[in-house]
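1. pasting the structure only:
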DNA sequence: CTGAAAGCGCTTACAG
DNA sequence: CTGAAAGCGCTTACAG
């Protein structure tokens, strides 16, 4: 069944069928009804490729989930509680306004080619990029291509530096610095001065910002940054396990620990509790993200809530807006975060 | 940049360019190299719509995540720990063999139209369906269309009943009945006879099977099925909360509770512990799925492990295989499950 | 081995 | 208001 068949059946030309499908105003109601009836009757749907080739928009965006240097094997990205909501949110936001979403995972440097390819093959009209890139050059290169893209968690200064101001790039971030400051100030107020950190991936903006805030707060309070209290977590549970174990067997423990995400905070809690170190009595812990599990662990994890749903929805909507309006100016959204005080923080013990 | 430009630049015809791109054997190495060089140099990528329209496969499958009667609002499907791994698994399995994945969410009955539309518009060559449908008629109708589809969690008997044996439908299930029997037998062995169940959604195959196994095991052991011990959970945490609270305030508690998924089991644990009822000392609990959180809650949840990754990978691979071979026969895979005994089961107390 | 040509199924100026 | 025709960018028999 093609438009020609519909035309014949309805006693009109292909042009008219096309006009009806595309809601042209200059079709009399009677003709329109006649054509529509045949379309309904035969359940006709126009061929997408033909429409696109003839000039219609493809109404499709790509979602590229970048996950380089994650663990291999069947688990891959699925472990991360953070990314799992991502895809659904993009799909919903896009579907709502009639867009389709092509999802890709990027596990290696050469997979990056998939992004520009998808654009050049005209599969997609825009792209959302999310994830931890080792080599941010790849993203830079893609942005320079000039296609509409939205990047979540990216350093805005890269835009200026690379003269991407007229690129139509959208950057959406959370207030990582401020959130970390708030969390750490809470620990300071409880009397803690030996505060450790489990860092995220330093190649990411959020990872860098959270660490920068850590140094900032400590300095503001006249506290020395001790290398032995800096655990390299890379946002990964496994690393947090290993690092915390090492910490426990070293000579001195901090009285509080800030983890750059909840996954690592929860891993730390488990190690401590297995080793008979009580949370929060012996050590206070704060995470970041507020993943669903955060409120379910015992004790419930104090953390910084990131509005992932809002951020991703905004990125998607702004992207589609840019596509439809051909916008070529950079835009940037930063979402506030919120410290949620649950049960993993206690005043510093004065008896030790 | 189009194939004509490449042809001109390379000093050949569009036909030859096309032959090079499509790896036709009858192109001399020298010509091929010449054309390839220009393609590289100009970063040319053929227009996908044009290729498809000219007869190439679209190499795209659709993933339809059906989530009817779930909660509304921003949370929607994201809550379910079960579906989050689903999408990534399909995308990976498809990407690995050069396929693209178009993801859709289906929240209402009329969204079902998206599935057949995607096929008829030639956007996709196959589809994976997963989720809880209220009205299985929709799936039946789609299967009848004859397009290659893979359904996860579906009653195989529906295939025969609807004469879908020559439809190329793929059904992938887990051994829900057997897994439930194994879990319940464990409770029986521990001496329990007052065993409750928090049911799943009865419109799903897995929900039905797990309940059927419950009735089966009880009858096998001469235990009466008591309506007051059947909690309607619908696979939803929220329902489990409410139902368990109601149960606690009724006159008699079971000594063991089987939940049709981990989400509900964990919700039940929380309610019990909040009310001072100890798990497993006062009540034993078993879940289903083995979501990541199952091993993290305290006490660690005993559950039945479902090989979601394997199931979904298989469904995707089998689907693509059917697409490429034009297979028109029904196929069916059932994956074994495994009871994992953690810390939420204890012998029935004899002192009460 | 290779080019000219038809065709894929649409959309949209163009002319009437 | 409407049809005939060109064109979108490819692929692939066809003929040589």
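-> Received it, and whenever you're ready, just let me know what you need. No experiment lies behind these values; they were computed from the predicted model shown. Numbering: from 1, shown residues only, chains lettered A, B, ... in the order given.
2. residues from the stretch 51-200 of chain A in reach of DNA strand D?
-> Residues of the stretch 51-200 of chain A lying close to DNA strand D (C-beta under 7 Å from any atom of the strand) are A:53, A:54, A:55. For the C-beta atoms, the positions are set from N, CA and C on the backbone; glycine is no exception.
3. What pLDDT is listed against the last one?
-> In the prediction, the pLDDT value recorded for residue A:55 is 93.
4. before we move on, the earlier item: which one of the residues of the stretch 51-200 of chain A next to DNA strand D is nearest DNA strand C?
-> When these are compared for distance to DNA strand C (C-beta to the nearest atom of the strand), residue A:54 wins out at 3.0 Å.
5. what's that closest one in contact with, if anything?
-> Shown in contact with residue A:54 (C-beta atoms under 8 Å, 6 or more residues apart in numbering or on different chains): no residues.
6. quick one: it from residue A:18, how far?
-> 9 Å (C-beta to C-beta, to the nearest Å).
7. How about residue A:321, nearest residue that isn't a chain neighbour?
-> residue A:327 (7.0 Å; C-beta to C-beta, 6 or more residues apart in numbering or on different chains).
8. Give the full set of residues in contact with the one you found.
-> A:148, A:168, A:321.
9. Touching, the second one and residue A:322? I think so.
-> Yes - with the criterion set as C-beta atoms under 8 Å, residue A:168 and residue A:322 qualify as a contacting pair; they are 5.2 Å apart.
10. between the two, what contacts are shared?
-> Common neighbours of residue A:168 and residue A:322 (C-beta under 8 Å, 6+ apart) are residue A:148.
11. quick one on the thing from earlier: would you list the residues of the stretch 51-200 of chain A next to DNA strand D in JSON lines and tack on secondary structure?
-> Shown next, in JSON lines, are those (DSSP: H, G, I helix; E, B strand; the rest coil):
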{"residue": "A:53", "secondary structure": "helix"}
{"residue": "A:54", "secondary structure": "coil"}
{"residue": "A:55", "secondary structure": "coil"}
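12. Pick the one among those residues closest to residue A:276.
-> Using C-beta to C-beta, residue A:53 is the member of these that sits closest to residue A:276, with 68.0 Å.
13. Apart from its neighbours in sequence, what residue is nearest that closest one?
-> Nearest in space to residue A:53, with sequence neighbours left out and distances taken as C-beta to C-beta, 6+ apart, is residue B:49 at 4.5 Å.
14. check contacts around the one you found.
-> So residue B:49 contacts A:48, A:49, A:50, A:52, A:53, A:58, A:122 (C-beta under 8 Å, 6+ apart).
15. what distance separates the helix or strand containing it from the centre of its chain?
-> Assigned by DSSP states H and E, residue B:49 belongs to helix B:48-53. Relative to the chain's own centre, helix B:48-53 is displaced by 31 Å; criterion: C-alpha atoms, centre = their mean, to the nearest Å.
16. what's the helix or strand following it in contact with?
-> Going down the chain from helix B:48-53, the next helix or strand is strand B:60-67, by DSSP H and E. Residues outside strand B:60-67 that contact it (C-beta under 8 Å, 6+ apart) are A:88, A:102, B:76-77, B:80, B:83, B:86-87, B:90-91, B:94, B:99-107, B:114-115, B:118-119, B:123-133, B:316, B:319-320, B:323.
17. swap in stretch A:217-232?
-> Residues contacting stretch A:217-232 (C-beta under 8 Å, 6+ apart): A:180-181, A:184-185, A:188, A:193-199, A:214-215, A:239-240, A:243-244, A:246-247, A:250, A:252, A:254.
18. End to end on that stretch, go ahead and measure it.
-> Terminal residues of stretch A:217-232 lie 19 Å apart, using C-alpha to C-alpha, to the nearest Å.
19. how about that stretch: buried residues?
-> A:217, A:218, A:229, A:230, A:231 (16 or more other C-beta atoms under 10 Å in any protein chain shown).
20. Which members of the residues you listed are positioned in helices?
-> Among the buried residues of stretch A:217-232, the members falling in helices (DSSP state H) are A:217, A:218.
21. returning to what we had before: which one of the contacts of residue B:49 has the most neighbours?
-> residue A:48 (24 neighbours; other C-beta atoms under 10 Å in any protein chain shown).
22. measure that one to residue B:214 for me?
-> Residue A:48 is 47 Å from residue B:214, by C-beta to C-beta.
23. With residue A:107 instead?
-> Taking C-beta to C-beta, one finds residue A:107 at 41 Å from residue B:214.
24. was I right about residue A:329 contacting residue A:165?
-> Yes - using C-beta under 8 Å, residue A:329 is in contact with residue A:165, at 7.1 Å.
25. distance between the helix or strand hosting residue A:20 and the chain's centre?
-> In this structure, residue A:20 sits in helix A:14-21 according to DSSP H and E. Offset of helix A:14-21 from its chain centre (C-alpha atoms, centre = their mean): 41 Å.
26. ok, it near DNA strand D or not?
-> Yes - using C-beta under 7 Å from any atom of the strand, we find that helix A:14-21 touches DNA strand D at A:14, A:15, A:16, A:19.
27. neighbour-wise, which of those leads?
-> residue A:16 (20 neighbours).
28. which residues touch that one?
-> Residues near residue A:16 by C-beta under 8 Å, 6+ apart: A:7, A:10, A:27, A:31, A:35.
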